[in-house]
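Trainee: Quick one, what's the 3D model for this:
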Amino acid sequence: MKKGIKIIFWSLVAVNVIFFAVMRSGLFDTRQILTAQPDLLADKIILLKESQSAANLAQSTPAITVPAEPVADVPPVAQADTMSCYEWGDFSGVELERASNALNKLQLGNKLTQRDTEHSIGFWVYIAPLKDKAAVAQKVAQLKARGVTEYFVVQEAGEWLDAISLGMFKTREAAQKFLEGLNAKDVRSAKVGERASKTKTTTFVMSGLDAAKNEKLLAMQKDFQGTELKSVACH
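Mentor: Coordinates of the predicted model:
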């Protein structure tokens, strides 16, 4: 019995000795598990003002480059329509008045001018002098019935009295072309001749016409047989 008590006693002593040794070795010291942190050096801390903090932050923040959006190609400004310039002639008598009235409808303003030219010798398309005023009136009625509305009855005394002028032309070719147009209307008594007298003709000069007015002018010229509409350089 005493022997058993001794064994227990010494066993407890041994356990205490071992426990004391382990505790002394620090094997179970939880303070060693924490990561050591350096001192914050409180005496070195300086509080910055708000403006200084923002400036320092801006300097320490790396710049971010944003790629620029591609700029779309801007189409070139459309150029204005090409302007056209013309000379249209020659006109005299009732044809001059009719052409002038037609051009006024285009409202060209200062884009329209005219040039007068005096000719000593030219060509005309005419009907030979008739025997009296009644014959003249009958011939005029026939012309109107065939669609000829532009004519001039010669009133001057002389060999051409009561002749009917249907058009004055600078060249024989232009007069002949006009005569062919009359023949197509079944006017057979007209002929081409040289007009040996001074006569004044008018040429219209038009500059800076846009596409719309250019188209109207070209259509208008078809109503004036024997005239020439010529494209010229604009100045």
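
Trainee: And the helices in the chain, which stretches?
Mentor: Assigned helices in the chain, in chain order: 2-25, 50-60, 93-104, 133-145, 172-184, 211-221 (criterion: DSSP state H).

Trainee: which of those helices has the lowest average pLDDT?
Mentor: The stretch with the lowest average pLDDT out of the helices of the chain is helix 50-60, scoring a mean of 50.

Trainee: tell me the contacts of Val154?
Mentor: Taking Cβ atoms under 8 Å, 6 or more residues apart in numbering as the definition of contact, the neighbours of Val154 are 129, 160-165. The C-beta positions use only the backbone N, C-alpha and C, and glycine is treated the same way.

Trainee: and the longest strand anywhere in the chain with helix 93-104, angle?
Mentor: Across the chain, the strand with the greatest residue count (assigned by DSSP state E) is strand 199-209. Using axes from the mean of the first three to the mean of the last three Cα atoms, to 10 degrees, one finds that strand 199-209 and helix 93-104 are set 10 degrees apart in direction.

Trainee: Strand 199-209 pairs with which strands?
Mentor: Taking DSSP bridges as the criterion, strand 199-209 sits next to strand 84-91 (antiparallel), strand 112-119 (antiparallel) in its sheet.

Trainee: Can you point out the buried residues in that strand?
Mentor: Within strand 199-209, the residues scored as buried using 16 or more other Cβ atoms under 10 Å are 199, 201-204, 206-207, 209.

Trainee: Please enumerate residues in contact with it?
Mentor: Residues from elsewhere that reach strand 199-209 (Cβ under 8 Å, 6+ apart): 83-92, 96, 99-100, 103, 108, 111-119, 122, 168, 170, 217, 234-235.

Trainee: Repeat that for stretch 126-137.
Mentor: Identification of contacts with stretch 126-137 by Cβ under 8 Å, 6+ apart yields 139, 153-154, 159-166, 189-191, 193.

Trainee: go again using 6 Å as the cut-off
Mentor: Defining contact as Cβ atoms under 6 Å, 6 or more residues apart in numbering, one finds that stretch 126-137 is touched by 153, 161-165, 189-190.
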